[in-house]
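Undergrad: Quick one, what's the 3D model for this:
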Amino acid sequence: MENHRFVLVGVGGQGTLLASHLLAEIGLSLGLDVKKAEIHGMSQRGGSVVSNVIWGKPVFSPVVGEGEADTLIAFEKLETLRYLPLLKPSGAIFVNNHEIEPITVLAGKQIYPDNADIEATLHKFTTKVFWIPANQIAEDLGSARVANTVMIGVVLKGLGVELDYGVRTLEKTIQSRYLELNLRALKAGYEWLAISNHKG
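TA: Below you'll find the predicted structure:
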């Protein structure tokens with residue numbers, strides 16, 4: 001396959017780095033060369049967290065440049081806007097319909113944009129936009145903390161990767177006491193895209 005470049009973005013505490021690790025491991029299980037680069041930022045203080053993952057044969061650099069990302073995975077809506085310039089015109093955006101107000105909004109210095117404004121901006125970059133209620137799906141399963149795994153499930157379905165590759169990766173990666181919940185989250189995300197008739 002040609003190299004497939006992922007950019008994962010979120011806010012500290014959302015499990016962005018774990019999701020990027022899972023995605024990298026899934027790529028390896030597919031028999032691909034994988035490179036990963038992480039920018040932690042203020043991950044422990046609610047700041048932006050960015051990770052690049054590249055699948056291919058071979059991959060020489062872990063860095064995704066402007067206009068190069070095939071897939072942008074955003075665990076928080078506003079973070080999607082920050083990193084849109086990295087997306088290529090034919091790329092796809094998977095965005096968790098979840099809002100975490102940054103300090104500037106909490107301080108009254110800025111206004112958090114509404115969904116219509118965010119969506120209009122996203123569609124200026126690509127027609128492939130998937131809005132996922134990942135936090136709600138995760139909460140229905142018992143914990144919002146597995147919203148990141150829900151998102152990975154959706155992305156795998158969107159890429160046409162068999163669910164079993166994700167299942168085997170979770171079984172190797174997640175601690176046993178959290179494994180069952182994460183497996184259910186992965187399957188729920190995969191099935192959500194399968195039945196949602198989402199056109200992008």
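
Undergrad: Mind checking what helix or strand follows the worst-scoring helix or strand of the chain on mean pLDDT in sequence?
TA: Ranked by mean pLDDT, DSSP states H and E, the weakest helix or strand in the chain is helix 103-106, scoring a mean of 69. The helix or strand immediately downstream of helix 103-106 is helix 115-123, counting by DSSP states H and E.

Undergrad: Summarise which helices and strands that following helix is packed against.
TA: For helix 115-123, the packing partners by 3 or more CB pairs under 8 Å, 6 or more residues apart in numbering; DSSP states H and E come out as helix 77-82, strand 128-132. For glycine as for every other residue, the C-beta is placed from the backbone atoms N, C-alpha and C.

Undergrad: rerun that using 10 Å as the cut-off
TA: The helices and strands touching helix 115-123, judged by 3 or more CB pairs under 10 Å, 6 or more residues apart in numbering; DSSP states H and E, are helix 77-82, strand 87-96, strand 128-132.

Undergrad: Give me the buried positions along the second one.
TA: Neighbour counts using 16 or more other CB atoms under 10 Å place L87, K88, G91, A92, I93, F94, V95, N96 of strand 87-96 among the buried residues.

Undergrad: Pipe these into JSON lines and attach distance to D70 and pLDDT per row.
TA: Output for the buried residues of strand 87-96, formatted as JSON lines (distance: CB to CB, whole Å; pLDDT from 0 to 100):
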{"residue": "L87", "distance to D70": "8", "pLDDT": "96"}
{"residue": "K88", "distance to D70": "6", "pLDDT": "95"}
{"residue": "G91", "distance to D70": "5", "pLDDT": "96"}
{"residue": "A92", "distance to D70": "7", "pLDDT": "97"}
{"residue": "I93", "distance to D70": "11", "pLDDT": "97"}
{"residue": "F94", "distance to D70": "11", "pLDDT": "97"}
{"residue": "V95", "distance to D70": "15", "pLDDT": "96"}
{"residue": "N96", "distance to D70": "19", "pLDDT": "96"}
